[in-house]
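Enquirer: Build me a model from this:
(one chain, ligands or ions: 1)
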Amino acid sequence: IMSLFGEVPQATPVAVFKLSNDFKEDANPKKVNLGVGAYRTDEGQPWVLPVVKKVEKIIVADNSLNHEYLAILGLPEFRSSASKIALGEDSPAIQENRVGAVQCLGGTGALKMGAEFLRRWYNGNDNTKTPVYVSAPTWENHNAVFANAGFEDIRPYKYWDAEKRGLDLDGLLGDLESAPKHSIFVLHACAHNPTGTDPTHVEWMQVAEVMKRRKLFVFFDSAYQGFASGCLDKDAWAVRYFVTQGFEMFCAQSFSKNFGLYNERVGNLTIVARDSDNLKRVLSQMEKIVRVTWSNPPSQGARLVAITLNTPELFAEWKDNVKTMADRVLLMRASLQAKLQALETPGTWNHITQQIGMFSFTGLNPKQVEYMIKERSIYLMASGRINMCGLTTKNIDYVAESIHETVVNVQ
Ligand SMILES: Cc1ncc(COP(=O)(O)O)c(C=O)c1O
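Expert: Below you'll find the predicted structure:
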C-alpha cells in the first residue's frame, strides 16, 4: 500500500545528538563522551545545582503558585532579572526604561524569536535579503535558525585562525568593514562555541567601533555567562560595553548551562532599544510572533531562575555553584595540557589553557577524530571540539594518552 509519506526524504541526524547515541551504544567500558555541551561532575554525572534543588522545594511548598498560563511574553520577574544579569544591575539602559525582554524556550528560542522579529521588522519590513553574518566556525544551529526565519543570505565572518590557534582579528575586522550597511552580526558574548576563543577587551572595542560606524546590527548570543571566567560580570563585559556605545541590540540568553536547566528550556531575549516608545512597539510585535509560535512559555524553569536571581542569598549561592563548574573546567584544562606536554605529544598545546568556557578546539583533524572514536571510544565533534566537562580525574590519563597515540599515528 502506498504511503502519503512515501516521498519524504530521510533527514541527516543532528551531529551532536547522533554522537551521544553512538556513545550510549558503545560497549567499551573506557568510553568517554566529549561531544554534547553539558556539564559533568568529576564522577562523569550530570549535576543538579544545589541552589536549584533548594528552589524546587520552595516552589513545591508555595501554595500561592498554580499552573495557569503565563503572559505571552513570559514571567515578568524572570524577564527583568535575566536582563539585569546580562546588562548589569546599574545599567543606564535599564534605568532609562529602554530594556525589555521575551521569555523564550532556551537560548535557541531566544535566537528564533529575535530572528523572526528582525526578518519582519528590522529597518523596514522585508529583510529576507539582509545579510546575516555568523562566525566561522560557529554553533551549527545559528545558520539554520536564521535561514528558517526566512533570511536568504547567511554568510560566515572570519573568526578563527587555525594556524595560530587563535582569533583572526584582521579577518574579522575586514569582514565587518566590507559587510553591507545594516547587516546583522551574531556575536558570541563569551566562551565562543566551538573555539573557546573570545576577543580581548581592546579587540571588542575595535569590533564595536567598526560596527557602529558601518551601522551593523549586534545580536549577541549569550549561552555561557559564568562559564568562561566563573564570574557573571566579567563574562558580560562585551555585552555591557556595546550598550555603553549606544547600540540598539538583541541579546539571546540561555540558562541551560549556567543553571544546569538543559531540559527546562529557559531562555530570554533581551532587547535594548533607543527609548521606551520604540521598546513598547517592538514588544507588541514580539507578542504576535510568540503567539503563533508557542503561544506562551512554560513556567517551571523561569520560576526557578527568577526566584534565584531575585533572592540575595540564593543569588550568592548560585554564583558559587557557577564558579564550582567553571573552576572544574579550568582544572581539567590545566591537567590535560600538562599531561600532553609530559607525554611530549607532537604540536603545541598551550591553546588548551588559553581557550575558555566549556569547549576546547583541539586542532585534531577529521581523520584523527575518526580514529579517536573508532579506536579509543572517545567521542568528539568532527571539528575537533571537545567538551572539557567530559574530562574527569579518572578518565583524563586515558584521554591524554589517546590524543597522543592519535596525533602520532594519524596525520
Ligand atoms: C552558542 C550557543 N548558543 C545557543 C545555544 C542554545 O542553548 P539552549 O540549549 O538553551 O537552547 C547553545 C547550546 O549549546 C550554544 O552553544
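Enquirer: what's the burial count for the closest residue to residue 350 other than its chain neighbours?
Expert: In space, and not counting its chain neighbours, residue 350 is closest to residue 337: 7.1 Å by CB to CB, 6 or more residues apart in numbering. From N, CA and C alone the C-beta is placed, and that goes for glycine too. When neighbours are counted by other CB atoms under 10 Å, residue 337 registers 19.
Enquirer: The one 5 residues further on now?
Expert: Other residues near residue 342 number 10, with proximity taken as other CB under 10 Å.
Enquirer: Next one: it from the ligand, what distance?
Expert: Separation of residue 342 from the ligand (CB to the nearest ligand atom, to the nearest Å): 31 Å.
Enquirer: Please go through this structure and pick out the longest helix.
Expert: helix 312-342 (DSSP state H).
Enquirer: Could you measure from the residue nearest to residue 350 over to the ligand?
Expert: For residue 337, the distance to the ligand - CB to the nearest ligand atom - is 23 Å.
Enquirer: try residue 392
Expert: Using CB to the nearest ligand atom, residue 392 is found at 21 Å from the ligand.
Enquirer: wait, what's in contact with that residue?
Expert: Taking CB atoms under 8 Å, 6 or more residues apart in numbering as the contact definition, residue 392 lies against 40-44, 332.
Enquirer: Surely it is within a strand?
Expert: No - counting by DSSP: H, G, I helix; E, B strand; the rest coil, residue 392 falls outside a strand, being coil.
Enquirer: now residue 399: how far from the ligand?
Expert: Residue 399 is 21 Å from the ligand, by CB to the nearest ligand atom.
Enquirer: Now do the same for residue 63: its pLDDT.
Expert: If you check residue 63, the pLDDT there is 97.
Enquirer: For it, which three-state class applies?
Expert: Quick answer, by three-state DSSP: residue 63 is coil.
Enquirer: hang on, the earlier thing: for the longest helix of the chain, what is the distance to the chain centroid?
Expert: Centre-to-centre, helix 312-342 and its host chain are 18 Å apart (CA atoms, centre = their mean, to the nearest Å).
Enquirer: what packs against it?
Expert: On a contact count with 3 or more CB pairs under 8 Å, 6 or more residues apart in numbering; DSSP states H and E, helix 312-342 meets helix 50-61, helix 300-310, helix 351-354, helix 396-409.
Enquirer: quick check: angle from that helix to helix 300-310?
Expert: 100 degrees (axes from the mean of the first three to the mean of the last three CA atoms, to 10 degrees).
Enquirer: Good, we can wrap up now.
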